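Visitor: Just the structure for this:
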Amino acid sequence: MEKRNIRHPKTYESRLKQAVIVVLDRPAVVSEIIGKITETFHLSKPQKITSHIHDMEKSGILRVLTPKLKKTQQGKVYGLTAKGVRYKKQLAKKAGKKFSYNELSGVNWHNYGWCLIGRQKKAVLLALDRKPLRQVEILRKLRENYTNRNKVAGITRQNLNDILKLMEEKGIAVAAEIQDNKKKKKAFKKYRLSGKGLKIKEQLRT
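Guide: Okay, here's the model as predicted:
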């Protein structure tokens, strides 16, 4: 991706708000927006990004998809309004870029935001699918897919167990207890994504 420098003494604030719209190709939490701006526009750390996002919400460009969360709580998900989509289309046309913004219906945005806080939860979500998997199989997928990626490859069995329990409580994952009658071993659990979990995964991949 081509990197652009948006810093300019007189227009930094307006350009930063423009950058939020440019990088928002699907609903995201603040940490994701910051990461995308940093990568795309080669900024070390966007200044006062949270206050700019709040301003854009007030001006009707962004909307909060997780209204039950307080301002100070993590996991707030922001998406474009119809006005924001029009503005993004204008910016894409001006830059000669393809317009891209995907916001699926039927997504539980509170669970979506929860999955995006911390790399491990998101990685576990992406490792799960329709096919039930044992924890050892999930760990294998994580270590194969996320080698050397900041704490994800080194996830422990206990970390995974805790995340899966929370996902089960939130209705994101479903657990089935399996009894191996042939080998007469202790029953074990297999995990798969629920319909809600599959919808979150689909949104993450759009």
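Visitor: make it CA atoms for all contacts and neighbour counts henceforth
Guide: OK.
Visitor: Closest to the centroid, which residue in this structure?
Guide: Geometric centre of the chain, nearest residue: Leu116, 4.0 Å, by Cα atoms, centre = their mean.
Visitor: quick one, helices of the chain?
Guide: In the chain, the helices defined using DSSP state H lie at 12-23, 30-41, 49-58, 82-95, 109-116, 119-127, 135-145, 157-169, 195-205.
Visitor: Ends of stretch 121-140, what's the gap?
Guide: 15 Å (Cα to Cα, to the nearest Å).
Visitor: Mind listing what's buried along it?
Guide: By 16 or more other Cα atoms under 10 Å, the buried positions in stretch 121-140 come out as 121-129, 132-135, 138-139.
Visitor: can you list contacts of it?
Guide: 115-116, 141-142, 152, 155, 157, 160-161, 163, 188-194, 197-198, 201 (Cα atoms under 8 Å, 6 or more residues apart in numbering).
Visitor: ok now it, how far from the chain's centre?
Guide: Here stretch 121-140 is found 17 Å from its chain centre; the criterion is Cα atoms, centre = their mean, to the nearest Å.
Visitor: pLDDT on it, on average?
Guide: Stretch 121-140 shows a mean pLDDT of 94.
Visitor: Kindly report the same for stretch 175-195.
Guide: Computed over stretch 175-195, the mean pLDDT rounds to 77.
Visitor: Quickly note the distance from the closest residue to the residue nearest to the centre of the chain other than its chain neighbours to Lys201.
Guide: Leaving aside its sequence neighbours, Leu116 sits nearest to Lys122 (Cα to Cα, 6 or more residues apart in numbering; 5.6 Å). Distance of Lys122 to Lys201, computed by Cα to Cα: 9 Å.
Visitor: Any regions of this structure where pLDDT drops low?
Guide: Residue ranges of the chain with pLDDT under 70: 1-12, 45-46, 146-153, 179-187.
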